[in-house]
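Peer 1: From the sequence below, what's the structure:
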Amino acid sequence: MEEVKENFISKNWQIIVGILTVAFAAGGIFSEFRLMHKEIDEIKKETDSKVQQIIEERERKAGWLQEQEERIDELEEWKSFEDGKASK
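Peer 2: Sure thing, here's the model as predicted:
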């Protein structure tokens, strides 16, 4: 029986080494894939938060701009009222 094992191993050692190499390579590739996937998720989260900040800033500025336009309209109404009052 031992002769058969030694004979099998001695004749097929290249195949056994190849299988082990493929197994280790597959494990390394899988771990790299998981690491890259995790990094992509982190980048996506950071990008999403930055996009959300930009959207909130635009909304805030749009609200401020609307307030300024309303204030200008009120001042123009007041000026036209005073001009009408002064011309009489």
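Peer 1: Is the residue nearest the centre of the chain within a helix or a strand, and which one?
Peer 2: Of all residues in the chain, the one closest to the mean position by C-alpha atoms, centre = their mean is residue 44, 1.4 Å from it. Take DSSP states H and E as the rule and residue 44 turns out to sit in helix 13-87.
Peer 1: list the helices and strands that helix packs on?
Peer 2: Packing contacts for helix 13-87, counted by 3 or more C-beta pairs under 8 Å, 6 or more residues apart in numbering; DSSP states H and E, involve no helix or strand. (Glycine included, C-beta is placed from N, CA and C.)
Peer 1: ok now it, how far from the chain's centre?
Peer 2: The chain centre lies 8 Å from the centre of helix 13-87; the measure is C-alpha atoms, centre = their mean, to the nearest Å.
Peer 1: average pLDDT for it?
Peer 2: Helix 13-87 carries an average pLDDT of 90.
Peer 1: Number the residues from 550 up from this point.
Peer 2: Sure thing, new numbering starts at 550, so read that last one as helix 562-636.
Peer 1: how far away is residue 592 from residue 578?
Peer 2: According to C-beta to C-beta, to the nearest Å, residue 592 stands 21 Å off from residue 578.
Peer 1: what does residue 563 give?
Peer 2: Using C-beta to C-beta, residue 563 is found at 22 Å from residue 578.
Peer 1: ditto for residue 630
Peer 2: 77 Å.
Peer 1: Then residue 588?
Peer 2: Counting by C-beta to C-beta, the gap from residue 588 to residue 578 is 16 Å.
Peer 1: Residue 632 now?
Peer 2: Counting by C-beta to C-beta - residue 632 and residue 578 are separated by 79 Å.
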